[in-house]
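Enquirer: 3D model of this:
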Amino acid sequence: GYILSAAGAGALVTTIAISSLKEVGRKGVFALIGLSSFGGFLILFALSPWLPLSLIFITLAYSGAMAYETMLGALLQTVVPDSMRGRVLSFQTATWGLTGVAGFHTGAIAAAIGAPIAIAIGGAVVLANAIRIAPTFWRLDERAVEHSDGD
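Expert: Coordinates of the predicted model:
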């Protein structure tokens, strides 16, 4: 219960903080920082032997996750051409239900080698994915800067 509450608190505080901002300039970089912090803090959470420290790490992890999700949504709204936006956003909505698939794999790994290692592996996969998509997000930010210079 404490862990879920801490995760929810991190997500809530980040959502409120981002929604209070007038504009976020480099949404792609912001999203990458959020995704990377989610993975990194998830690894730290998995390796933490002390509950209070674990609660801090899971709070920060879900704060990063929410920052990533929020910026990803903003990027999809602003970068996708008008003619494709409905299709792209409906595909994104359809994939939200697939998050349970990751839980299935994590549960199977946890049963075999333990929950902390399974969670740390998940965090490492998130970090690897952040590295993999970094060039794409960087290009999106550069394109957004070019378009704003032409206004």
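Enquirer: Low-confidence regions, this protein specifically.
Expert: Scanning the chain with the threshold set as pLDDT under 70 gives 97, 99, 143-151.
Enquirer: To which secondary structure element is the spatially most central residue of the chain assigned?
Expert: Centre of the chain computed as the mean C-alpha position; nearest residue by C-alpha atoms, centre = their mean is residue 65, 3.1 Å away. Residue 65 belongs to helix 51-79 when assigned by DSSP states H and E.
Enquirer: In that helix, which residues are buried?
Expert: Residues 54-72, 74-75, 79 are the ones in helix 51-79 that count as buried (16 or more other C-beta atoms under 10 Å). Every residue, glycine included, has its C-beta placed from N, CA and C.
Enquirer: mind listing what residue 4 touches?
Expert: By C-beta atoms under 8 Å, 6 or more residues apart in numbering, no residues touch residue 4.
Enquirer: what about it, which SS state?
Expert: What DSSP: H, G, I helix; E, B strand; the rest coil gives for residue 4 is helix.
Enquirer: Toward the C-terminus from the helix or strand residue 83 falls within, list the very next helix or strand.
Expert: Assigned by DSSP H and E, residue 83 belongs to helix 82-96. Where DSSP H and E defines the elements, the next helix or strand beyond helix 82-96 is helix 99-113.
Enquirer: Which positions within that following helix qualify as buried?
Expert: For helix 99-113, a neighbour-count test (16+ other C-beta under 10 Å) marks 106, 109, 110 as buried.
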